[in-house]
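Trainee: here's my sequence, what's the structure:
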Amino acid sequence: MKFFKSAVVTAVALCAALAVQARTLDEIKKDGKIIVATEGQFAPFNFFEGTKLTGFEVEVAELVVKKMGLKLEWKTLGFDALLTGLGQSRWDAVIASHGVTEERSKAVTFANPHYCSGGIIVAMDAKIRNAKDLTGKVVAVQTGTSYLENVQKLTGVKEVKNFPQDTDAQRALISKRVDAWVSDKFVAKEAAAKNAKAGFKLGDMLFIERIAPAMAKGNTGLADAWNKAFAEVLADGSYAAVSKKYFNEDVRCN
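Mentor: Numbering: from 1, shown residues only. Prediction:
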């Protein structure tokens, strides 16, 4: 889903910094609190209802951290700054719909995926459904995401317009400044349900990916502890309940 777009050399350099600076699991336990960052602008995964941060990822993280016996402090900021801040040890983990990619894996240590999804094509014209239909079209995507990366790989697309937030890309489609919008399938489904009059037509999946929380590269102690707690959340039914609440289906990876 979301895509970390730094060059490989930057990612490799970041790895070394992360390994030295990141708080260890023991240090986090001693503090009694884990700091987790997210975007807060990507409904239904992480977003604000008034002043309250909520969403599927937020609730899942809260369940996991509770199992870990820790308090949770949230940080919210622009998507492009999330992994940068992780590299600067401004927080211990990031959960913001980051797809697991080869490039990202050079810079961070991923915990086990907390859901599987992918990019879907959304348009106003029902004839725009698949990758071939994007030939000669202008497509909106969010900056720094795997949607941008995958649309750029397509041959024949007239123009790719990227926006700071996914909601900006969505509005570009509504105002007909673009022909299509590519976003997460669950985000698109919610947008279509909440904006019935907008006339969104959901097309085919452009790609599939596994979505996971990110920790500092080499911080396997924290990742292992998160995975253990996450497995408990899966086993006790609380994950399924949260998943049903937001999607009316179980979105765990098979």
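Trainee: excluding residues flanking it in the chain, which one is nearest residue 126?
Mentor: Among residues not flanking residue 126 along the chain, residue 201 sits closest, at 4.7 Å (CB to CB, 6 or more residues apart in numbering). Yep, even glycine has a C-beta here, placed from its N, CA and C like the rest.
Trainee: one more: residue 68?
Mentor: residue 229 (4.7 Å).
Trainee: my guess is the one you found meets residue 62, correct?
Mentor: No: using CB atoms under 8 Å, residue 229 is not in contact with residue 62, being 11.1 Å away.
Trainee: neighbouring contacts of the helix or strand where residue 239 lies?
Mentor: According to DSSP states H and E, residue 239 maps onto helix 238-247. Applying CB atoms under 8 Å, 6 or more residues apart in numbering, the contact partners of helix 238-247 are 44, 55-56, 59-60, 63, 115, 186, 230, 233-234, 249-252.
Trainee: so of those residues, which ones are in helices?
Mentor: Counted as lying in helices by DSSP state H, out of those, are 56, 59, 60, 63, 186, 230, 233, 234.
Trainee: got the contact list for the most centrally placed residue in the chain?
Mentor: The structure's the chain has its C-alpha centroid closest to residue 97; by CA atoms, centre = their mean the separation is 1.3 Å. Going by CB under 8 Å, 6+ apart, residue 97 touches 1, 2, 39, 42, 45, 46, 57, 117, 184, 211.
Trainee: please look at the fourth one and residue 187 and confirm they touch.
Mentor: Yes: counting by CB under 8 Å, a contact exists between residue 42 and residue 187, whose distance comes to 6.7 Å.
Trainee: now the common contact residues for these two.
Mentor: residue 166.
Trainee: could you pull up the residues touching the closest residue to residue 61 other than its chain neighbours?
Mentor: Spatial nearest neighbour of residue 61, chain neighbours left out: residue 95 (5.0 Å); criterion: CB to CB, 6+ apart. Residues in contact with residue 95 (CB under 8 Å, 6+ apart) are 36, 37, 38, 46, 57, 58, 60, 61, 114, 213, 214.
Trainee: can I get these in CSV including pLDDT and distance to residue 152?
Mentor: Formatted as CSV, the contacts of residue 95 follow (pLDDT from 0 to 100; distance: CB to CB, whole Å):
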residue, pLDDT, distance to residue 152
36, 98, 30
37, 98, 26
38, 98, 25
46, 97, 25
57, 98, 26
58, 98, 30
60, 98, 30
61, 98, 30
114, 98, 27
213, 98, 26
214, 98, 23
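Trainee: which one of the residues you listed sits closest to residue 103?
Mentor: residue 214 (12.4 Å; CB to CB).
Trainee: phi and psi next, for that closest one.
Mentor: Taking degrees, to the nearest 10, you get phi -120, psi 140 for the backbone angles of residue 214.
Trainee: and the gap between it and residue 95?
Mentor: Distance, residue 214 to residue 95, using CB to CB, to the nearest Å: 8 Å.
Trainee: how about the contacts made by residue 125?
Mentor: Going by CB under 8 Å, 6+ apart, residue 125 touches 179, 201.
Trainee: residue 120 against residue 200, yeah?
Mentor: No: Residue 120 lies out of contact with residue 200 (CB under 8 Å); the separation is 10.4 Å.
Trainee: where along the stretch 51-200 of the chain do the strands fall?
Mentor: All strands of the stretch 51-200 of the chain, identified by DSSP state E, counting those that start in this stretch, fall at 52-54, 71-76, 93-94, 108-110, 115-123, 138-142, 159-163, 180-184.
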